[in-house]
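K.L.:
the sequence and its predicted three-dimensional model are supplied below.
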Amino acid sequence: MHPRIVLLLVTGILLSACSLSSSGGQEPSLPLTMSIPAFGDGQNIPVRFTCDGEGVSPTLQIGSVPAATRSLALVIDDVNAPSGHFVHWVVWDIAPQTKEISEGAIPSGAMEGTTSAKKAGYVPPCPKPGSGPHRFVFSLYAINDGISLSFEATRAMLEQQMKGKVLGIAKWTGVYERRE
(Lines give C-alpha, C1' and ligand atoms only; values in the text may rest on other atoms or scores of the structure.)
Protein backbone atom coordinates (compact mmCIF):
# COMPACT_ATOMS: atom_id res chain seq x y z
CA MET A 1 0.00 0.00 0.00
CA HIS A 2 1.21 3.52 -0.75
CA PRO A 3 2.77 5.27 2.32
CA ARG A 4 0.47 8.30 1.97
CA ILE A 5 -2.64 6.11 2.08
CA VAL A 6 -1.32 4.31 5.16
CA LEU A 7 -0.60 7.67 6.82
CA LEU A 8 -4.13 8.90 6.03
CA LEU A 9 -5.69 5.71 7.40
CA VAL A 10 -3.65 5.83 10.62
CA THR A 11 -4.44 9.54 11.07
CA GLY A 12 -8.15 8.86 10.57
CA ILE A 13 -8.11 6.04 13.12
CA LEU A 14 -6.27 8.19 15.67
CA LEU A 15 -8.63 11.12 15.17
CA SER A 16 -11.62 8.84 15.60
CA ALA A 17 -10.22 7.45 18.82
CA CYS A 18 -9.50 10.96 20.13
CA SER A 19 -13.01 12.18 19.38
CA LEU A 20 -14.50 9.22 21.23
CA SER A 21 -12.48 9.95 24.36
CA SER A 22 -12.57 13.77 24.23
CA SER A 23 -15.53 14.02 26.61
CA GLY A 24 -13.01 14.31 29.46
CA GLY A 25 -14.53 11.35 31.25
CA GLN A 26 -17.97 13.01 31.39
CA GLU A 27 -21.10 11.25 30.23
CA PRO A 28 -22.69 12.81 27.15
CA SER A 29 -25.60 15.05 28.13
CA LEU A 30 -29.12 13.71 27.76
CA PRO A 31 -31.67 15.55 25.65
CA LEU A 32 -33.78 18.28 27.28
CA THR A 33 -36.83 16.81 29.03
CA MET A 34 -40.16 18.13 30.27
CA SER A 35 -43.08 16.40 31.93
CA ILE A 36 -46.44 17.43 33.36
CA PRO A 37 -47.37 15.34 36.41
CA ALA A 38 -51.10 16.17 36.10
CA PHE A 39 -51.45 14.23 32.83
CA GLY A 40 -49.41 11.88 30.66
CA ASP A 41 -48.03 12.81 27.28
CA GLY A 42 -50.89 12.48 24.78
CA GLN A 43 -53.47 12.13 27.56
CA ASN A 44 -56.48 14.27 28.53
CA ILE A 45 -55.86 17.58 30.29
CA PRO A 46 -57.75 17.69 33.61
CA VAL A 47 -60.63 20.20 33.65
CA ARG A 48 -58.85 22.18 36.42
CA PHE A 49 -56.37 23.56 33.83
CA THR A 50 -59.04 24.61 31.29
CA CYS A 51 -61.65 27.34 30.93
CA ASP A 52 -64.21 24.89 32.35
CA GLY A 53 -62.23 24.68 35.60
CA GLU A 54 -59.91 27.03 37.47
CA GLY A 55 -57.96 27.87 34.33
CA VAL A 56 -54.53 27.66 35.98
CA SER A 57 -51.40 26.48 34.24
CA PRO A 58 -50.23 22.97 35.20
CA THR A 59 -46.94 22.23 36.95
CA LEU A 60 -44.11 21.50 34.49
CA GLN A 61 -41.01 19.57 35.46
CA ILE A 62 -37.77 20.22 33.57
CA GLY A 63 -34.70 18.00 33.29
CA SER A 64 -31.47 17.40 31.38
CA VAL A 65 -30.95 21.04 30.44
CA PRO A 66 -27.90 21.24 28.12
CA ALA A 67 -24.83 22.73 29.84
CA ALA A 68 -24.50 25.67 27.42
CA THR A 69 -28.09 26.82 28.01
CA ARG A 70 -28.43 30.49 28.97
CA SER A 71 -32.23 30.55 29.11
CA LEU A 72 -35.34 28.48 28.53
CA ALA A 73 -38.53 29.40 26.66
CA LEU A 74 -41.99 27.82 26.71
CA VAL A 75 -44.79 27.98 24.14
CA ILE A 76 -48.19 26.27 24.34
CA ASP A 77 -50.19 25.87 21.12
CA ASP A 78 -53.61 24.45 20.23
CA VAL A 79 -52.64 22.77 16.96
CA ASN A 80 -56.26 21.92 16.14
CA ALA A 81 -57.60 25.49 16.31
CA PRO A 82 -59.57 26.67 13.28
CA SER A 83 -56.76 29.13 12.43
CA GLY A 84 -54.19 26.30 12.34
CA HIS A 85 -52.80 27.02 15.79
CA PHE A 86 -53.75 29.17 18.74
CA VAL A 87 -50.98 30.32 21.09
CA HIS A 88 -51.98 29.82 24.74
CA TRP A 89 -48.78 30.89 26.49
CA VAL A 90 -45.43 32.40 25.52
CA VAL A 91 -42.72 32.59 28.22
CA TRP A 92 -38.98 33.27 27.89
CA ASP A 93 -35.99 34.20 30.03
CA ILE A 94 -36.65 31.19 32.27
CA ALA A 95 -33.44 30.53 34.22
CA PRO A 96 -31.65 27.38 32.95
CA GLN A 97 -31.40 25.97 36.50
CA THR A 98 -35.23 25.93 36.78
CA LYS A 99 -36.38 22.39 37.59
CA GLU A 100 -40.09 23.16 37.92
CA ILE A 101 -42.61 25.76 36.84
CA SER A 102 -45.22 25.63 39.58
CA GLU A 103 -48.94 25.39 38.95
CA GLY A 104 -50.46 28.79 38.20
CA ALA A 105 -47.07 30.55 38.36
CA ILE A 106 -44.39 32.06 36.19
CA PRO A 107 -40.75 31.60 37.20
CA SER A 108 -39.06 34.59 38.83
CA GLY A 109 -37.41 36.81 36.22
CA ALA A 110 -39.21 35.22 33.25
CA MET A 111 -41.15 37.26 30.69
CA GLU A 112 -44.60 36.49 29.27
CA GLY A 113 -45.51 37.43 25.73
CA THR A 114 -48.75 38.07 23.89
CA THR A 115 -50.98 35.08 23.14
CA SER A 116 -53.45 34.62 20.31
CA ALA A 117 -56.05 36.08 22.73
CA LYS A 118 -54.03 39.35 22.48
CA LYS A 119 -53.02 39.29 26.14
CA ALA A 120 -50.06 38.15 28.22
CA GLY A 121 -50.25 35.17 30.54
CA TYR A 122 -51.62 31.66 30.43
CA VAL A 123 -54.81 31.28 28.38
CA PRO A 124 -56.45 27.98 29.41
CA PRO A 125 -57.59 25.46 26.79
CA CYS A 126 -61.13 26.34 25.72
CA PRO A 127 -61.98 24.88 22.31
CA LYS A 128 -65.42 25.52 20.87
CA PRO A 129 -67.92 22.95 22.20
CA GLY A 130 -68.51 20.16 19.70
CA SER A 131 -65.31 20.90 17.73
CA GLY A 132 -63.81 17.57 18.75
CA PRO A 133 -60.63 16.89 20.67
CA HIS A 134 -57.90 19.51 20.44
CA ARG A 135 -54.19 18.80 20.96
CA PHE A 136 -52.29 21.31 23.08
CA VAL A 137 -48.54 21.10 22.52
CA PHE A 138 -46.24 22.35 25.29
CA SER A 139 -42.83 23.13 23.72
CA LEU A 140 -39.82 23.89 25.92
CA TYR A 141 -36.67 25.32 24.28
CA ALA A 142 -33.11 25.42 25.63
CA ILE A 143 -31.40 28.51 24.20
CA ASN A 144 -27.68 29.29 24.15
CA ASP A 145 -28.19 33.06 24.32
CA GLY A 146 -30.41 35.62 26.01
CA ILE A 147 -33.67 36.82 24.46
CA SER A 148 -34.17 40.58 24.10
CA LEU A 149 -37.91 41.08 23.76
CA SER A 150 -40.49 43.26 25.49
CA PHE A 151 -43.56 41.85 27.21
CA GLU A 152 -45.84 42.39 24.20
CA ALA A 153 -43.76 40.07 21.99
CA THR A 154 -45.53 37.26 20.17
CA ARG A 155 -44.56 33.67 19.48
CA ALA A 156 -43.35 34.68 16.01
CA MET A 157 -41.05 37.33 17.52
CA LEU A 158 -39.70 34.80 20.02
CA GLU A 159 -39.05 32.27 17.24
CA GLN A 160 -37.17 34.93 15.26
CA GLN A 161 -34.95 35.68 18.31
CA MET A 162 -34.32 31.95 18.91
CA LYS A 163 -33.30 31.23 15.31
CA GLY A 164 -29.94 29.46 15.34
CA LYS A 165 -29.75 29.49 19.16
CA VAL A 166 -31.80 26.40 20.13
CA LEU A 167 -29.79 23.65 21.84
CA GLY A 168 -32.72 21.36 22.57
CA ILE A 169 -36.50 21.06 22.42
CA ALA A 170 -38.82 19.04 24.68
CA LYS A 171 -42.50 18.55 23.87
CA TRP A 172 -45.52 17.30 25.83
CA THR A 173 -49.03 17.04 24.39
CA GLY A 174 -52.33 17.23 26.23
CA VAL A 175 -55.79 16.68 24.76
CA TYR A 176 -58.98 18.53 25.68
CA GLU A 177 -62.50 18.38 24.23
CA ARG A 178 -65.53 20.40 25.25
CA ARG A 179 -68.81 18.61 24.67
CA GLU A 180 -71.96 20.38 23.44
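P.N.:
Looks like it arrived, so ask away.
K.L.:
count residues in the vicinity of the closest residue to P124 other than its chain neighbours, would you?
P.N.:
Closest residue to P124 in three dimensions, ignoring its sequence neighbours and counting by Cβ to Cβ, 6 or more residues apart in numbering: G55, at 3.8 Å. For glycine as for every other residue, the C-beta is placed from the backbone atoms N, C-alpha and C. G55: 16 surrounding residues under other Cβ atoms under 10 Å.
K.L.:
ok, now how distant is G55 from P66?
P.N.:
33 Å (Cβ to Cβ, to the nearest Å).
K.L.:
same question for G84.
P.N.:
The span separating G84 from P66 equals 30 Å under the rule Cβ to Cβ.
K.L.:
all helices for the protein, in order.
P.N.:
Applying DSSP state H to the chain gives helices spanning 3-21, 155-162.
K.L.:
next up, the contacts around the residue nearest to P124.
P.N.:
For G55, the set of contacting residues under the criterion of Cβ atoms under 8 Å, 6 or more residues apart in numbering consists of 49, 122, 124.
K.L.:
per-residue pLDDT of the residue nearest the centre of the chain, please?
P.N.:
By Cα atoms, centre = their mean, the mean C-alpha position of the chain lies nearest to L140, the distance being 1.0 Å. Per-residue confidence for L140 comes out at a pLDDT of 97.
K.L.:
counting neighbours, what do you get for the nearest residue to D41 once chain neighbours are set aside?
P.N.:
For D41, the nearest residue in space outside its immediate sequence neighbours is W172; the separation is 5.2 Å by Cβ to Cβ, 6+ apart. The burial count assigned to W172 is 22, neighbours taken as other Cβ under 10 Å.
K.L.:
tell me who's in contact with W172.
P.N.:
Contact criterion Cβ under 8 Å, 6+ apart gives 34-36, 41, 60, 137-138 as the residues in contact with W172.
K.L.:
so can I have JSON lines of these showing neighbour count and distance to V166?
P.N.:
Below are the contacts of W172 laid out as JSON lines (neighbours: other Cβ atoms under 10 Å; distance: Cβ to Cβ, whole Å):
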{"residue": "M34", "neighbour count": "20", "distance to V166": "14"}
{"residue": "S35", "neighbour count": "16", "distance to V166": "20"}
{"residue": "I36", "neighbour count": "21", "distance to V166": "21"}
{"residue": "D41", "neighbour count": "12", "distance to V166": "20"}
{"residue": "L60", "neighbour count": "24", "distance to V166": "18"}
{"residue": "V137", "neighbour count": "16", "distance to V166": "16"}
{"residue": "F138", "neighbour count": "22", "distance to V166": "16"}
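K.L.:
distance of the closest residue to A170 other than its chain neighbours from P58?
P.N.:
When the adjacent residues along the chain are set aside, A170 lies closest to M34, with 3.9 Å between them (Cβ to Cβ, 6+ apart). In this structure, M34 and P58 are 11 Å apart, going by Cβ to Cβ.
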